[in-house]
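**Q** Below are the sequence and a predicted model for it; my questions follow.
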Amino acid sequence: MKAINLTSNIALDEQWLVADLSNSTCKFALTTPQRILTTRRLATADLSLQTLSTIIEGWSVQRVIIASVVPKATQRITRFCKNKKLPLLSIDATTDLGIKIRYPNPSSIGADRLVNVVAVKNRYPTPCIVANFGTAIVFDIIDQQGTYLGGIIAPGLFTSSRALHERTALLPLAIPSPIRRALGKNTLTAIHSGLLLGARGLVREVVEQITKETFSGKRPSVIGTGTDAQLVAGKENFFDHIDLNLTLEGIREVGLRILETEGKKRMATKNPKKSKKKALLNF
């Protein structure tokens, strides 16, 4: 018999496919409602019905929950779920996230940024700066109450490297790599140094300015996530935590919130007299 969460009617051993569909890489996790079991990755350019089938090979999945910033990837996952008859929840700014957003146009905020706020609010001290190192370097700012305030966007390390290669005649394409010293002794090490020191300088400046402008000089906690977070961190101390599964955890938590809410609504519809009586007692 399945273990049941009596408050929401969600099977605790139900398994979900949680997906963070970003511009460069799609991150997938097999989860229960409570935790991530295992993760897999795929280049976004390689996403197809066939590769999706390969990704979930050996996984028993009852539903799919995604946060996507790539419309074509969303379309492919939607078609995949339709073919497999899997229920799909796609998270965006209209989803009940359980957070406040103080931003003029919430629909313009990437779903990955929003679920990061959810995950941070549930895990780390606030106020907080989330620094996500992927195709772009994205900073999201959260106040003491867990309200999303806004952010900062800059080119990611590999995006910068590719721009250098494509916009110059002689510079090679450099894969962002660790450095032992600031001074480069050849073209590649000079680019590596420029990419990494530039990213570290960006983090320091963002933290300094946000601390001064938004938090009256009191430094917020700083959380690093994304593909290049550990590379940028090196031996520096400007991250209080590095959480590489932050986005996947946020997607899982938002999915759980939505399903619990839907479960409670169904229970209230089936037992309106009982629900009314319970409400009166609580009052």
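**A** Now that the structure is in, tell me what you want to look at.

**Q** is it true that Tyr124 touches Asp240?
**A** Yes. With contacts counted by Cβ atoms under 8 Å, Tyr124 reaches Asp240, the gap being 7.5 Å. Heads up, the C-betas are built off the backbone N, CA and C, glycines and all.

**Q** Now the common contact residues for those two.
**A** 221, 223 (Cβ atoms under 8 Å, 6 or more residues apart in numbering).

**Q** So for the two, which residue has more residues nearby?
**A** Tyr124 (18 against 15; other Cβ atoms under 10 Å).

**Q** how far away is the more buried one from Val118?
**A** 12 Å (Cβ to Cβ, to the nearest Å).

**Q** got it, and Leu202?
**A** 25 Å.

**Q** try Thr159
**A** 26 Å.

**Q** of these two, who's got more company?
**A** Each of Thr159 and Val118 has its neighbours counted (other Cβ under 10 Å); Val118 has more, 25 against 16.

**Q** Could you list every helix and strand that the helix or strand that contains that one packs against?
**A** Using DSSP states H and E, the element containing Val118 is helix 111-123. In terms of contacts (3 or more Cβ pairs under 8 Å, 6 or more residues apart in numbering; DSSP states H and E), helix 111-123 is packed against strand 63-68, strand 88-91, strand 128-133, strand 136-142, strand 148-155, helix 246-270.

**Q** show me what contacts the residue lying closest to Gln62 once chain neighbours are set aside?
**A** Using Cβ to Cβ, 6 or more residues apart in numbering and skipping residues adjacent in sequence, the residue nearest Gln62 is Glu14, 5.0 Å away. For Glu14, the contacting residues are 2, 32-33, 62-63, by Cβ under 8 Å, 6+ apart.
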